[in-house]
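Visitor: sequence first, predicted model second:
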Amino acid sequence: MKRLITCLGISIVTVILPTTFAGEPFDKTAIGPYARYCDGFGMPGAEGMGYVSVLKVITGVVQKTDDNLLDGIVAYDRAEANEAYIGQINMLTASSFNGPAGSIWGYDLARHEGIDSQKPLFQAKQYDGSDLPVYDAEPLLDSGKRLFGTEQARRFPPLPGAHVICANKSVTVYRPKTGTPDPDKNQAYGVWAYIAIAVAKDRNTTASLFIEDAGLWTKNDRDADLVAYLDGHRKSVVWSVVACGKDQSVLYDRVYVGFAHTMMKPGEIGTALTVAPYIVLARDAVPGGDFTRLDSMSLPQWEKAVGF
């Protein structure tokens, strides 16, 4: 980028070079203004032009009262608070891509200690005929929990009240106290949600893709049957990845997929939430204030460096 500076009638052209990270001509630095809290990407006061994506998929359940709207609010709130803590945020919905200026927590930064020893669950075929290995997303979900902490043991959660852009989907349904749930009345035995991240082969010119899916379970109240359905549904999620890649002429290196589910008890309302916040990191979450160090650290090394 060129900038024209005029001083005392003399014009000087300066060239501003982009910050490089991992060999890419993009500034991926994503450090927020707060010491102990992460913040939403695009908010004032951040250092750098980058952002970090964190994965979470979870459920929340509440006993039904006489107000369906309030019940849904509480069930959703519990889902936000369960496991990786993203409670008390103003969630802004965005589409689902992590581009050249983005990083994935637990994969690019503070790499999870178990991710490189994983074996693919299966292989899919991409539009060009190449193989696409599919992996369990559990290491990435665990990474998010170890960054944000939990409701009872918070680490670097988003700032309370922060405006946080998220790729997200959710469903909220009621299981009646008696009788068979009626899907036409937004009733079901259980709820489920899926999250996937397809890592682009060329991360300099294309974006990695998030897929979020969520739905109802209406067949029966047997947890094993719901899990069996979700195991099979994994291939449908991956199919959507391949289809989106074909639409955009994008090839992916690998896909990570994971799901959460719950079977409500009679008289309960359940929410299933799949979400990937786009954040900038808390300052104390960046060892020595050097964002590039995160690129070469494992998650346990990062935890030790920041005092956990």
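Guide: Sure thing, it's come through.
Visitor: what ranges does the stretch 51-200 of the chain have for its strands?
Guide: Chain-ordered strands for the stretch 51-200 of the chain, with DSSP state E, counting those that start in this stretch as the definition, fall at 51-53, 56-63, 90-93, 97-98, 102-104, 122-125, 131-136, 163-174, 190-200.
Visitor: sheet partners, orientation included, of the second one?
Guide: In this case it means strand 56-63. strand 268-280 (antiparallel) (DSSP bridges).
Visitor: check the shortest one too.
Guide: Strand partners for strand 97-98, identified by DSSP bridges, are recorded as strand 208-217 (antiparallel).
Visitor: CA atoms of the strand it pairs with as PDB?
Guide: Coordinates of the C-alpha atoms in strand 208-217 are reproduced here as PDB (Å, rounded to 0.1, in the frame of the first residue of the first chain):
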ATOM      1  CA  SER A 208     -11.800 -22.200   5.300                       C
ATOM      2  CA  LEU A 209     -15.500 -23.100   5.600                       C
ATOM      3  CA  PHE A 210     -17.700 -23.500   8.700                       C
ATOM      4  CA  ILE A 211     -20.800 -25.600   8.400                       C
ATOM      5  CA  GLU A 212     -23.400 -25.400  11.200                       C
ATOM      6  CA  ASP A 213     -26.400 -27.700  11.400                       C
ATOM      7  CA  ALA A 214     -29.100 -28.200  14.000                       C
ATOM      8  CA  GLY A 215     -32.300 -30.100  14.300                       C
ATOM      9  CA  LEU A 216     -34.900 -32.000  16.200                       C
ATOM     10  CA  TRP A 217     -35.200 -35.700  17.200                       C
END
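Visitor: direction-wise, compare it with strand 190-200 and give the angle.
Guide: Put simply, strand 208-217 runs at 170 degrees to strand 190-200, going by axes from the mean of the first three to the mean of the last three CA atoms, to 10 degrees.
Visitor: can you give me the buried ones in the helix or strand just after strand 208-217?
Guide: Once the chain leaves strand 208-217, the next helix or strand it forms, by DSSP states H and E, is helix 223-248. Within helix 223-248, the residues that count as buried by 16 or more other CB atoms under 10 Å are L226, L230, H233, R234, V237, V238, V241, V242, C244, G245. In this view, the C-beta of every residue, glycine as well, is placed from N, C-alpha and C.
Visitor: can you redo those as a markdown table with distance to G106?
Guide: Below are the buried residues of helix 223-248 laid out as a markdown table (distance: CB to CB, whole Å):
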| residue | distance to G106 |
| --- | --- |
| L226 | 27 |
| L230 | 22 |
| H233 | 23 |
| R234 | 20 |
| V237 | 19 |
| V238 | 20 |
| V241 | 19 |
| V242 | 24 |
| C244 | 22 |
| G245 | 22 |
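Visitor: any idea which of those residues is closest to V191?
Guide: Within these, the smallest distance to V191 is 9.5 Å, found for L226 (CB to CB).
Visitor: what sits closest to I197 if chain neighbours are left out?
Guide: In space, and not counting its chain neighbours, I197 is closest to Y256: 5.2 Å by CB to CB, 6 or more residues apart in numbering.
Visitor: packing partners for the one helix or strand the one you found maps to?
Guide: Secondary structure assigned from DSSP H and E places Y256 in strand 252-263. Contact partners of strand 252-263 among helices and strands, from 3 or more CB pairs under 8 Å, 6 or more residues apart in numbering; DSSP states H and E: strand 56-63, strand 131-136, helix 138-148, strand 190-200, strand 208-217, helix 223-248, strand 268-280.
Visitor: which among those is found nearest to P158?
Guide: Ranking these by distance to P158, with CB to CB as the measure, places strand 268-280 first at 6.6 Å.
Visitor: confirm that T292 sits in a helix.
Guide: Yes: the assignment for T292, made by DSSP: H, G, I helix; E, B strand; the rest coil, places it in a helix.
Visitor: look up how far S143 lies from it.
Guide: T292 sits at a distance of 18 Å from S143 (criterion: CB to CB, to the nearest Å).
Visitor: looking at the two, which is more packed in?
Guide: S143 (27 against 14; other CB atoms under 10 Å).
Visitor: got the contact list for that one?
Guide: V54, L55, W105, G106, Y107, A110, H112, L299 (CB atoms under 8 Å, 6 or more residues apart in numbering).
Visitor: for the fourth one, give me the backbone phi and psi.
Guide: If I follow you right, that is G106. Note on G106: backbone dihedrals following degrees, to the nearest 10 are phi 90, psi -10.
Visitor: not counting sequence-adjacent ones, nearest residue to it?
Guide: Residue nearest to G106 in three dimensions, not counting chain neighbours: S143, with 2.6 Å by CB to CB, 6+ apart.
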